[in-house]
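Colleague: here is the input, now give the coordinates:
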Amino acid sequence: MREVFEALAKYKQKVDENVIGIAEKLDSGKLVAPMGTYFPSVFDQLKHLFSSDVNWIKRLKPAFPKSEALGRSRFADFDNDSLKTLDAKDAKVLFANMKELDATVRAFVSELDESALVKNVEYKNYKGQSENHPLWQVLLQWFNHGTHHRGTISGQLDILGVDNDYSSLIAKI
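Modeller: Predicted structure coming up:
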């Protein structure tokens, strides 16, 4: 099962690199153009993806205190409220943070063994409610959530007339 999560972490990193590469080439008007989606712009989608990734790091670090990857990650203490004030001029900072966090995710997943994947992880969800699930389910939720939002970004890019095709898992792993 570990190989599956290593593949998903690699896919996440590679696709994020592709999406960031596309976003870096957008002028600020297109980057923040409202598209009528819940997270209205490509930039807002990327901020949400990063914020969600940070939250998972914060949730997992206490459950895996011996993890070297999580232990050296600065994102366990990241202030997500700082993202509220980010705008297009701060895109390079966001993109660099996303790339660094993706490397942390890959390193964390590479540390896991089969017993870790079935270990229950207790955390608070975004509503403050307690959750308790095996790590493999948490990881599937995490990676699936990112895929959903990158799909929304793809649709937003289509509307903007920006070529994008970054979805092939097999091509990325």
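Colleague: skip ahead from the lengthiest helix in the chain and say which helix or strand is next.
Modeller: Longest among the helix segments of the chain by residue count, using DSSP state H, is helix 135-160. Sequence order places helix 169-172 as the next helix or strand after helix 135-160, per DSSP states H and E.
Colleague: pLDDT averaged over that next one - what is it?
Modeller: If you average the pLDDT over helix 169-172, you get 80.
Colleague: can you list contacts of it?
Modeller: Outside helix 169-172, the residues that touch it by CB atoms under 8 Å, 6 or more residues apart in numbering are 7, 10-11, 14-15, 166. (Each C-beta comes from the backbone N, C-alpha and C, glycine too.)
Colleague: just how off-centre is that helix within its chain?
Modeller: Counting by CA atoms, centre = their mean, to the nearest Å, helix 169-172 is centred 17 Å from the centre of its parent chain.
Colleague: which of the residues in that helix are buried?
Modeller: Using 16 or more other CB atoms under 10 Å as the test for burial, helix 169-172 gives residue 172.
Colleague: only C-alpha atoms, please: export it in PDB.
Modeller: What follows is helix 169-172, C-alpha atoms only, in PDB (Å, rounded to 0.1, in the frame of the first residue of the first chain):
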ATOM      1  CA  LEU A 169      -1.200  10.200 -13.200                       C
ATOM      2  CA  ILE A 170       0.700   7.600 -15.100                       C
ATOM      3  CA  ALA A 171       2.700  10.200 -17.000                       C
ATOM      4  CA  LYS A 172       3.700  11.800 -13.700                       C
END
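Colleague: run through this structure and note the low-pLDDT ranges.
Modeller: Across the chain, nothing is flagged by pLDDT under 70.
Colleague: all the strands of it, residue numbers only.
Modeller: 120-124, 130-134 (DSSP state E).
Colleague: can I get these in CSV including distance to residue 142?
Modeller: Below are these laid out as CSV (distance: least, CB to CB, whole Å):
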stretch, distance to residue 142
strand 120-124, 11
strand 130-134, 11
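Colleague: now those strands as CSV including mean neighbour count and distance to residue 52?
Modeller: Output for these, formatted as CSV (neighbours: other CB atoms under 10 Å; distance: least, CB to CB, whole Å):
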stretch, mean neighbour count, distance to residue 52
strand 120-124, 14, 13
strand 130-134, 12, 14
